[in-house]
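**Q** Need a 3D model of the following:
(chains A and B)
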Amino acid sequence: MSELLRCEKLTKCYGTKTALDEIDLCLESGKIIGLLGPNGSGKTTLIKLINGLLTPTSGSITVCSEKPGPKSRVNVAYLPDNSYLNNWMTVKKIVDYFKDFYEDFREDLAYEMFERLGITPETRLKSLSKGNKEKVCLILVMSRNAKLYVLDEPIAGVDPAARDYVISTIINNYNPDATVLISTHLISDIEQVLDEVVFINNGHIVLQKTVDQIREENGKSVDDLFREVFRW
Amino acid sequence: MVKKLFKHEFAAMGRLMLPVLCAVLGVGILTRIILFFESDTIGFNIIGGSSFLMLFVVMFAGLFLAMVFGVIRYYKNLFSTEGYLSFTLPVTPAQHLMVKSVTAVTFYIAAALAALVSLVIALSGDPLVEGVKAASYIWAHLPEEINKVHLVFFAIEFAMSMFVAVFSSFFLYYTCITIGQMAKKNRIMMAVGVYFIYYLIVQVFSTVMSVLFSVFALTPLMERVAEFIADNIYLCGHTFFIGMLLVYILIVGVEFLVCHTIIRKKLNLE
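**A** Numbers count the residues shown, from 1 in each chain, chains lettered A, B, ... in the order given. Model prediction:
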């Protein structure tokens, strides 16, 4: 397994508020990793830093041995927690967009998944429901053959049936040599697919273990341990 | 990558600007059709006058919208939720800036050309023929002391300056928006604030320059300068136009550098 992501003393402040406080983190390839923490713990900040959408206040971050930037983005597929697509575009146009910019984009796979959802290439994004728009974003991201998939709250705000669809889309389509980093606070829904978890709270990494380690050492499920660590 | 960026940028801007360009040309054609029914009636005078008024309004509206759409596109595509996609493409900030500005300027020039073509269509027929004849006559009968080659070069230098000035206008708005993104909140308000500060600085500078000029206007030194200009009108003319071009290039360079540095080193999408 090779190292995909490394953060050293990574700090991000918004004015006087410290969102991430000197975190050290190393993620390896070939795993599905849960980035777990309550709301406001720093999950989205970390994910934005990985994607170069925020600039660190101090410390360093490397993705596939590169600082976040055009070179690292070739290897990272990112799903933000809100829809980032142009509403005026059709599904075909947005597929063409991804195909043009990402060499690893698998067009056939994307259309296959759209067909299963009953979404035609001519469908305009603005005519889709919020849930279907989120599924379109997920399909686009998972149709890439990336080294690192970074999914920010992919199952938040969707019904249980849709959650199953999202989870199955992730595990059935990711590149097995890649790492999937999933941020969420809905642990019970995702626990069965995780290999490793990173608990984050108030800008600090409070735990990084494999799911097997948690079960063996703590004798608990990830969900139970999460409730124990983050009890009010 | 740049080619692909251009492809999608032109598609996005074209979607907004093509109806505008068609409207500008359409009003020119409509005005010409109305002029076919020329008569001395009050009714025609009102309709003909209104159609010309509408033509001029639409011509300037086209230019205004080209500027507005170019600026909004920059903000929306880079700093709203769309920025989450734009800034996760394997594309450098310089490529984003270059493609956005060139596309915006292209559509601005297209709006200017559409306005010109629309005017030509509206005036086609006798008014246009007479106008061209008059211009040709003036050109052919210019006094011998006026060097036509220099006039052509003045026109080229002026056109080049205006071309770079259009870039500078877009980059001024881009710079204000980009600096505005450094604020923790109310980023659009911050961008507007930056624009007004810039405007204030320019106004103060030009006022100071005007005062200095009027103070020195009647001094012997300025008289000697005026004499030198009169004796070397072509040299001074070219120096002025090329100087203007270089100043605009310098301004665009500085604005580009500010935007690029902020996006590269200070990007903080909300």
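
**Q** Please settle this for me: is A:Val150 part of a strand?
**A** Yes - with DSSP: H, G, I helix; E, B strand; the rest coil as the criterion, A:Val150 is located in a strand.

**Q** how deep is the residue lying closest to B:Lys184 once chain neighbours are set aside tucked in, by neighbour count?
**A** Closest residue in space to B:Lys184, ignoring its immediate chain neighbours: A:Gly15 at 5.5 Å, by Cβ to Cβ, 6 or more residues apart in numbering or on different chains. Where you see a C-beta, it was placed from the backbone N, CA and C, and this is true even at glycine. Using other Cβ atoms under 10 Å in any protein chain shown, A:Gly15 has 7 neighbouring residues.

**Q** List phi and psi for A:Gly15.
**A** phi 60, psi -120 (degrees, to the nearest 10).

**Q** Which residues of chain A lie near chain B?
**A** Counting by Cβ under 8 Å from any Cβ of the partner chain, the residues of chain A lying close to chain B are A:14-15, A:48, A:51-55, A:69-71, A:73-74, A:76, A:78, A:80, A:82-86, A:88, A:93, A:97, A:100-102.

**Q** Okay, A:Thr169 and A:Ser65: tell me how far apart.
**A** Per Cβ to Cβ, to the nearest Å, A:Thr169 is found 29 Å from A:Ser65.

**Q** Compare neighbour counts for those two and give me the winner.
**A** A direct count of neighbours by other Cβ under 10 Å for A:Thr169 and A:Ser65 places A:Thr169 higher, at 20 against 12.

**Q** packing partners for the helix or strand hosting that one?
**A** Using DSSP states H and E, A:Thr169 sits in helix A:160-173. Packing partners of helix A:160-173 (3 or more Cβ pairs under 8 Å, 6 or more residues apart in numbering or on different chains; DSSP states H and E): helix A:107-117, helix A:130-142, helix A:187-190.

**Q** at 6 Å instead, please
**A** helix A:130-142 (3 or more Cβ pairs under 6 Å, 6 or more residues apart in numbering or on different chains; DSSP states H and E).

**Q** Let me see the mean pLDDT of the helix it packs on.
**A** The average pLDDT within helix A:130-142 is 86.

**Q** any idea of the angle that helix forms with helix A:160-173?
**A** Using axes from the mean of the first three to the mean of the last three Cα atoms, to 10 degrees, one finds that helix A:130-142 and helix A:160-173 are set 10 degrees apart in direction.

**Q** Using PDB, write out every CA atom in helix A:130-142.
**A** Presented in PDB, the C-alpha positions along helix A:130-142 are these (Å, rounded to 0.1, in the frame of the first residue of the first chain):
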ATOM      1  CA  LYS A 130     -32.700  17.600  -5.600                       C
ATOM      2  CA  GLY A 131     -32.100  13.900  -4.800                       C
ATOM      3  CA  ASN A 132     -31.600  13.000  -8.500                       C
ATOM      4  CA  LYS A 133     -29.200  15.900  -8.900                       C
ATOM      5  CA  GLU A 134     -27.100  14.600  -6.000                       C
ATOM      6  CA  LYS A 135     -27.200  11.100  -7.700                       C
ATOM      7  CA  VAL A 136     -26.000  12.700 -10.900                       C
ATOM      8  CA  CYS A 137     -23.000  14.300  -9.100                       C
ATOM      9  CA  LEU A 138     -22.200  11.000  -7.400                       C
ATOM     10  CA  ILE A 139     -22.400   9.100 -10.700                       C
ATOM     11  CA  LEU A 140     -20.000  11.600 -12.400                       C
ATOM     12  CA  VAL A 141     -17.500  11.300  -9.500                       C
ATOM     13  CA  MET A 142     -17.700   7.500  -9.200                       C
END
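
**Q** Could I get the buried residue list for that helix?
**A** By 16 or more other Cβ atoms under 10 Å in any protein chain shown, the buried positions in helix A:130-142 come out as A:132-142.

**Q** again with stretch B:148-165
**A** Residues B:153-154, B:157, B:160-161, B:164 are the ones in stretch B:148-165 that count as buried (16+ other Cβ under 10 Å).

**Q** can these go into a markdown table with extra columns for distance to A:Ala110?
**A** Compiled in a markdown table, the buried residues of stretch B:148-165 are given as follows (distance: Cβ to Cβ, whole Å):
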| residue | distance to A:Ala110 |
| --- | --- |
| B:Phe153 | 55 |
| B:Phe154 | 56 |
| B:Glu157 | 52 |
| B:Met160 | 46 |
| B:Ser161 | 48 |
| B:Val164 | 42 |
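
**Q** Which member of those residues is positioned nearest chain A?
**A** Chain A lies nearest to B:Val164 out of the buried residues of stretch B:148-165, by Cβ to the nearest Cβ, at 27.7 Å.

**Q** Tell me the spacing between that closest one and B:Gly253.
**A** For B:Val164 relative to B:Gly253 (Cβ to Cβ), the value is 10 Å.

**Q** what's the answer for A:Asp81, then?
**A** 38 Å.

**Q** what are the ranges of the helices in chain B?
**A** Secondary structure of chain B by DSSP state H: the helices cover B:2-36, B:42-79, B:83-86, B:93-123, B:126-140, B:148-180, B:187-216, B:220-231, B:233-266.

**Q** Just give me how far the shortest one sits from the chain centre.
**A** So that's helix B:83-86. Computed by Cα atoms, centre = their mean, to the nearest Å, the chain-centroid distance of helix B:83-86 equals 28 Å.

**Q** got it, and the longest one?
**A** Averaging C-alpha coordinates over helix B:42-79 and over its chain gives two centres that are 14 Å apart (Cα atoms, centre = their mean).

**Q** Please save the CA atoms from stretch B:201-217 in CSV.
**A** Output of stretch B:201-217 as CSV, limited to C-alpha atoms (Å, rounded to 0.1, in the frame of the first residue of the first chain):
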residue,chain,number,x,y,z
ILE,B,201,-8.0,56.8,-6.2
VAL,B,202,-8.3,57.3,-10.0
GLN,B,203,-10.5,60.4,-9.4
VAL,B,204,-8.0,61.9,-6.9
PHE,B,205,-5.1,61.2,-9.2
SER,B,206,-6.8,62.8,-12.3
THR,B,207,-7.9,65.8,-10.3
VAL,B,208,-4.3,66.3,-9.0
MET,B,209,-3.0,66.0,-12.6
SER,B,210,-5.6,68.5,-13.9
VAL,B,211,-4.6,71.0,-11.2
LEU,B,212,-0.9,70.6,-11.9
PHE,B,213,-1.5,70.9,-15.6
SER,B,214,-3.5,74.1,-15.2
VAL,B,215,-0.9,75.5,-12.8
PHE,B,216,1.9,74.9,-15.3
ALA,B,217,-0.1,75.5,-18.5
